[in-house]
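**Q** This is a predicted model, with the sequence first.
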Amino acid sequence: MEQKVLTGLKADVYEHPFDRKALASLEKMPGVSLLLKKINEYGIDRLLRLQCFGNEIRVTPRNFPYLHKSFVETCQILEVEPLPELYLFRGTGYIQTYTIGVEKPLVSINLEGMEWLSPEELLFVLGHEIAHIKSQHLLYHQTAIILPSLKTFLSNTTLGLGGLLASGVELALYNWLMMAKFTSDRAGLLACQDVEVATTAMMKLAGLPREYMSTEILEDFKAQAREFSTESFNNLDKIAKMLSFMEYKFSWAIMRASELLKWVDSGEYEALLQHNNLPEMGETEDWTFSDSW
């Protein structure tokens with residue numbers, strides 16, 4: 001199947017309402033500007049790029065043509081230019097990707113991502129990462145990723161994190177990072193343009209290797225995703241949510257698939273793909289922690 005280039009696609013037309021709401025809450029917090037200022041003072045952006053360049057393999061059309069081709073196609077479909085750099089890092093036992101670089105973005109994927117995913121599934125996973133660039137939220141995204149390391153290696157007094165933690169900025173940041181995944185998954189689907197492909201990619205993100213894929217397993221996964229409700233998560237207390245979101249390496253594949261399938265079932269995805277007028281968005285189910293964090 002040949003994917004269509006989504007000419008003129010703007011990130012805000014597929015942005016998930018939970019993402020929008022969580023980001024608005026985060027931006028209103030008084031400690032955010034201080035945190036971002038400190039991040040900039042320490043040159044974290046340049047440091048992360050240097051770490052990637054010195055530790056990972058840069059993907060080119062010559063060394064990994066299969067991976068590079070999927071990446072170029074993803075950027076073309078979602079209209080992201082100039083082309084960011086792509087890097088490959090060592091295996092971790094599960095698919096892992098990340099995007100960094102506020103001034104000059106780059107995307108990185110691990111060995112499992114290259115080996116486990118089909119070319120079409122790579123469009124979904126790489127589209128998820130490219131969405132961070134297209135939405136221009138990399139400063140917040142990058143800050144959320146590196147915050148645990150900063151807390152470990154720098155004292156609270158030096159970086160001024162103590163007051164930020166007390167004010168709830170850290171929790172609001174992780175809450176937004178989770179909600180932003182819903183928007184990125186929508187971009188991934190717009191890149192691969194196949195719901196079944198997006199679903200199998202989600203299953204592999206959950207840790208299922210390709211040899212275990214079958215029609216029955218796929219159908220059961222989709223049924224479980226549709227059974228999942230935001231109410232299931234709202235029943236957890238605040239500490240459980242905090243611990244869950246702070247472990248950002250969790251795939252949360254079922255929850256993410258649930259939100260993605262809701263978008264497909266609503267007809268908004270198909271309307272956007274066909275460049276029709278989007279149906280009016282009704283009242284969305286509220287996740288109470290989006291306001292309280």
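**A** Good, I have the coordinates. Residues are numbered from 1 along each chain as shown.

**Q** Any figure for the gap between L111 and L67?
**A** When CB to CB, to the nearest Å is applied, the distance between L111 and L67 equals 10 Å. Where C-beta positions appear, they are placed from N, C-alpha and C, glycine not excepted.

**Q** got any ranges where this protein has weak pLDDT?
**A** Flagging of the chain using pLDDT under 70 yields the residue ranges 1, 151-167, 230-249, 276-293.

**Q** just the strands in it please.
**A** 57-58, 85-89, 97-100, 106-110 (DSSP state E).

**Q** Could you single out the most deeply buried of those?
**A** Per-stretch averages of neighbours, counted by mean count of other CB atoms under 10 Å, single out strand 106-110 among these, with a mean of 23.

**Q** which strands and helices sit next to that one?
**A** Packed against strand 106-110 by the contact rule (3 or more CB pairs under 8 Å, 6 or more residues apart in numbering; DSSP states H and E) you find helix 44-55, strand 85-89, strand 97-100, helix 119-134.

**Q** Ok, which of these comes nearest S25?
**A** Of all the helices and strands packed on strand 106-110, the one in closest proximity to S25, counting by CB to CB, is helix 119-134 (19.0 Å).

**Q** shared neighbours, L111 and L67?
**A** Between them, L111 and L67 have L88 as joint contacts when contacts are counted by CB atoms under 8 Å, 6 or more residues apart in numbering.

**Q** So which of the two has more stuff around it?
**A** Relative neighbour count places L67 above the other of L111 and L67, with 22 against 16, counting by other CB atoms under 10 Å.

**Q** The more buried one contacts V59, doesn't it?
**A** Yes. At 5.4 Å, L67 counts as touching V59 under the criterion of CB atoms under 8 Å.

**Q** Overlap of the contact sets of these two?
**A** Counting by CB under 8 Å, 6+ apart, the residues touching both L67 and V59 are 86, 88.

**Q** Skipping adjacent residues, who's closest to the residue nearest to the spatial centre of the chain in space?
**A** With distances taken as CA atoms, centre = their mean, the chain has K181 as the residue nearest its mean C-alpha position (3.9 Å). On the basis of CB to CB, 6 or more residues apart in numbering, the spatially nearest residue to K181 that is not a chain neighbour turns out to be R256, at 5.9 Å.

**Q** and the one you found, how many neighbours does it have?
**A** The criterion is other CB under 10 Å. On that basis, R256 has 23 neighbouring residues.

**Q** Compute the first-to-last residue distance for stretch 129-138.
**A** End-to-end distance for stretch 129-138: 10 Å, by CA to CA, to the nearest Å.

**Q** my bad, should have said stretch 102-111
**A** This stretch, stretch 102-111, spans 24 Å end to end (CA to CA).

**Q** Against I77, how distant is G267?
**A** Counting by CB to CB, the gap between G267 and I77 amounts to 21 Å.

**Q** try R62
**A** 23 Å.

**Q** who's more crowded, the two?
**A** Taking R62 and I77 together and counting by other CB under 10 Å, I77 has the greater number of neighbours (22 against 7).

**Q** shouldn't the more buried one be in contact with L190?
**A** Yes. Under the contact definition of CB under 8 Å, I77 touches L190, with a separation of 7.3 Å.

**Q** what do the two both touch?
**A** When contacts are counted by CB under 8 Å, 6+ apart, I77 and L190 have 6, 127 as shared neighbours.

**Q** Nearest to S118 among the strands of the chain would be which one?
**A** For the strands of the chain, the distance to S118 is smallest for strand 106-110, at 13.9 Å, taking CB to CB.

**Q** Just want the angle from that closest one to strand 85-89.
**A** Counting by axes from the mean of the first three to the mean of the last three CA atoms, to 10 degrees, strand 106-110 lies at 20 degrees to strand 85-89.

**Q** Run through who's touching strand 106-110.
**A** Residues outside strand 106-110 that contact it (CB under 8 Å, 6+ apart) are 49, 52, 56, 67, 71, 84-92, 95-100, 125-126, 129-130, 133.

**Q** quick one, which of the helices and strands packed on strand 106-110 is packed in tightest?
**A** Per residue and on average, the most neighbours among the helices and strands packed on strand 106-110 fall to helix 119-134, with a mean of 25 (mean count of other CB under 10 Å).

**Q** From the contact counts, what lies against it?
**A** helix 65-77, strand 97-100, strand 106-110, helix 111-116, helix 169-192, helix 195-205.

**Q** Run through who's touching the fourth one.
**A** The list of residues contacting helix 111-116 from outside it, by CB under 8 Å, 6+ apart, reads 64, 66-67, 88-97, 122, 125, 204, 209-210.

**Q** now that helix: how far from the chain's centre is it?
**A** 18 Å (CA atoms, centre = their mean, to the nearest Å).
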